[in-house]
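Student: no sequence for this one, just the structure:
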């Protein structure tokens with residue numbers, strides 16, 4: 001109970017701070033987009049806005065998944081967290097695809113000798129914007145990391161928020177560097193008009209990695225196929241050597257968000273009284289809980305493989 005409360009408290013504090021910082025980042029992005037008309041800066045602001053909105057949802061998700069199990073949710077509500085992360089990845093992908101199409105159409109217009117609305121960002125605007133956004137990304141990463149260390153149980157949502165913020169800062173740095181190059185390097189002056197479009201496409205391609213990886217990862221979790229075959233082999237070997245009285249027929253290991261689930265099909269090699277089986281089962285659970293503290297363990301007295309039960 002204590003570790004769970006600690007986790008919930010730190011998640012709530014971290015996510016509230018995350019909302020504030022991401023909101024400031026989004027506002028800064030939209031203000032500088034208004035000043036410069038740069039699609040690269042707009043994309044940066046939109047990503048920050050998505051992170052801000054998703055962080056608000058994270059607060060509700062974090063509270064919901066940590067509710068006690070019930071008859072309706074016997075295995076907990078941890079899949080809700082994965083559905084949320086999947087939805088956020090889809091939102092980011094939609095935004096990125098929109099900006100790629102916009103940049104590509106602008107470049108196509110340039111090739112066809114049509115008039116291009118050139119962005120009017122000065123060097124100082126780009127530098128101030130870059131330093132502000134990178135500073136905010138580093139600040140949120142620092143806050144999350146400090147609170148993460150204080151928590152007894154680590155949070156999958158906060159881990160992903162840390163990665164997203166770091167990634168956001170690095171991509172902002174790439175975007176601003178690219179815009180400064182197109183504005184100041186002489187031999188690039190011929191394509192200066194589409195410098196922002198080229199930058200936004202480069203920026204979008206870099207941004208694609210994070211939501212695509214998240215999308216694939218969450219789909220794998222939600223379809224719940226065997227993903228930890230080596231871990232399962234190691235655990236079953238471990239148990240077979242330690243608990244010789246049982247034959248371990250099958251072991252299924254799953255990880256969903258903050259939560260491990262371990263299902264074991266086993267049967268005694270000799271006749272045991274029900275009290276003895278109950279005691280041995282508790283010994284097995286205690287042994288596994290020493291390895292995976294935040295886990296639920298289901299021991300199934302059967303000679304069948306788990307998928308046949």
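Tutor: Sure, I can see it. Treat the numbers as computed from the prediction; the structure is a model and nothing was measured. Numbers count the residues shown, from 1 in each chain.
Student: Tell me where the protein has strands.
Tutor: Along the chain, the stretches classed as strands by DSSP state E are 246-256, 259-268, 295-301.
Student: okay, these in JSON lines with distance to residue 113 and mean neighbour count next?
Tutor: (Each C-beta comes from the backbone N, C-alpha and C, glycine too.) Putting the strands of the chain into JSON lines (distance: least, Cβ to Cβ, whole Å; neighbours: other Cβ atoms under 10 Å) gives the following:
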{"stretch": "strand 246-256", "distance to residue 113": "55", "mean neighbour count": "19"}
{"stretch": "strand 259-268", "distance to residue 113": "58", "mean neighbour count": "20"}
{"stretch": "strand 295-301", "distance to residue 113": "64", "mean neighbour count": "16"}
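Student: Present those strands as CSV; the columns should include mean pLDDT and distance to residue 111.
Tutor: What follows is the strands of the chain, written out as CSV (pLDDT from 0 to 100; distance: least, Cβ to Cβ, whole Å):
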stretch, mean pLDDT, distance to residue 111
strand 246-256, 84, 48
strand 259-268, 86, 52
strand 295-301, 86, 57
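Student: could I get the ones you listed as a markdown table with distance to residue 171?
Tutor: What follows is the strands of the chain, written out as a markdown table (distance: least, Cβ to Cβ, whole Å):
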| stretch | distance to residue 171 |
| --- | --- |
| strand 246-256 | 28 |
| strand 259-268 | 31 |
| strand 295-301 | 36 |
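Student: Any stretches of the stretch 1-150 of the chain with poor pLDDT?
Tutor: Confidence mapping of the stretch 1-150 of the chain against pLDDT under 70 gives the ranges 1-11, 58, 61-82, 115-120, 148, 150.
Student: change it to 90
Tutor: The stretch 1-150 of the chain contains residues with pLDDT under 90 at 1-23, 25-26, 29, 32-123, 125-126, 133-150.
Student: and the closest residue to residue 188 other than its chain neighbours, what does it touch?
Tutor: Ranked by Cβ to Cβ, 6 or more residues apart in numbering and with sequence neighbours excluded, the top spatial neighbour of residue 188 is residue 182, at 5.3 Å. Contacts for residue 182 were tallied using Cβ atoms under 8 Å, 6 or more residues apart in numbering; they are 188, 191-192, 195-196, 198-199.
Student: ok, residue 182 to residue 109 distance?
Tutor: 17 Å (Cβ to Cβ, to the nearest Å).
Student: helices or strands next to the top helix by length along the chain in the packing?
Tutor: Counting by DSSP state H, the longest helix found in the chain is helix 2-36. Contact partners of helix 2-36 among helices and strands, from 3 or more Cβ pairs under 8 Å, 6 or more residues apart in numbering; DSSP states H and E: helix 39-65, helix 123-150, helix 156-184.
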